[in-house]
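Trainee: Kindly generate the corresponding structure for this input.
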Amino acid sequence: MSNVAEQFEQLSLDFSKSQNQIQELAAARSQLETQLQENKIVLDEFEELDEDAKIYKMTGPVLLPHDYTEAKLNVTKRIEFIEGEIKRVEAKIEAQQKSMEETRGKLLQTKAQMQQAQ
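Mentor: Okay, the predicted model is just below:
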């Protein structure tokens, strides 16, 4: 097998890996988005409650009393964390797409070289 054909094969594998990584990152982003929406709903529910309302947190199979202010703060912090994770995943997706486009360009060049050699 010629060097150009081996290079083409390696670039094809790299391109496939990039596609798979983008799919995995998109799935992770989707999951984070779902978690974000769920936590926003919980935060909205806190807005409807009085500060002296009884709040319970499920710990294993048991419901334990939880302080309103602490619970609301925890949800707010969780939302901030998830938003940060979404930004991080989006940056990874963007970098992976850029890498994939570079690999696509190299693939096309290598394919042209292979056709010229025939």
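Trainee: how far does the worst-scoring helix or strand of the chain on mean pLDDT sit from the chain's center?
Mentor: Ranked by mean pLDDT, DSSP states H and E, the weakest helix or strand in the chain is strand 55-59, scoring a mean of 91. Chain-centre distance of strand 55-59: 28 Å, with C-alpha atoms, centre = their mean, to the nearest Å.
Trainee: Quick check: next helix or strand after it?
Mentor: Along the chain past strand 55-59, the next helix or strand (assigned with DSSP states H and E) turns out to be strand 62-66.
Trainee: Which strands border that following strand, and is each parallel or antiparallel?
Mentor: Applying DSSP bridges, strand 62-66 is found paired with strand 55-59 (antiparallel).
Trainee: Which residue comes closest to the residue nearest the centre of the chain once chain neighbours are left out?
Mentor: Closest residue to the average C-alpha location of the chain: residue 29 at 3.0 Å, with C-alpha atoms, centre = their mean. Distances taken as C-beta to C-beta, 6 or more residues apart in numbering place residue 89 nearest to residue 29, at 4.7 Å, with adjacent residues excluded. To be clear about C-beta, it is placed using only N, CA and C from the backbone, and glycine gets the same treatment.
Trainee: separation between that neighbour and residue 76?
Mentor: Note on residue 89: its distance to residue 76, by C-beta to C-beta, to the nearest Å, is 21 Å.
Trainee: more neighbours, these two?
Mentor: Neighbour count, other C-beta atoms under 10 Å: between residue 89 and residue 76, residue 89 has more, with 20 against 14.
Trainee: For the helix or strand hosting the more buried one, enumerate the helices and strands it packs against.
Mentor: Using DSSP H and E, residue 89 maps to helix 68-117. In terms of contacts (3 or more C-beta pairs under 8 Å, 6 or more residues apart in numbering; DSSP states H and E), helix 68-117 is packed against helix 3-48, strand 55-59.
Trainee: what comes into contact with stretch 14-27?
Mentor: 89, 92-93, 96-97, 99-100, 103-104, 107 (C-beta atoms under 8 Å, 6 or more residues apart in numbering).
Trainee: residues near residue 69, how many?
Mentor: Residue 69 has 11 neighbours, counted by other C-beta under 10 Å.
Trainee: show me what contacts it?
Mentor: The neighbours of residue 69, taking C-beta under 8 Å, 6+ apart as the test, are residue 51.
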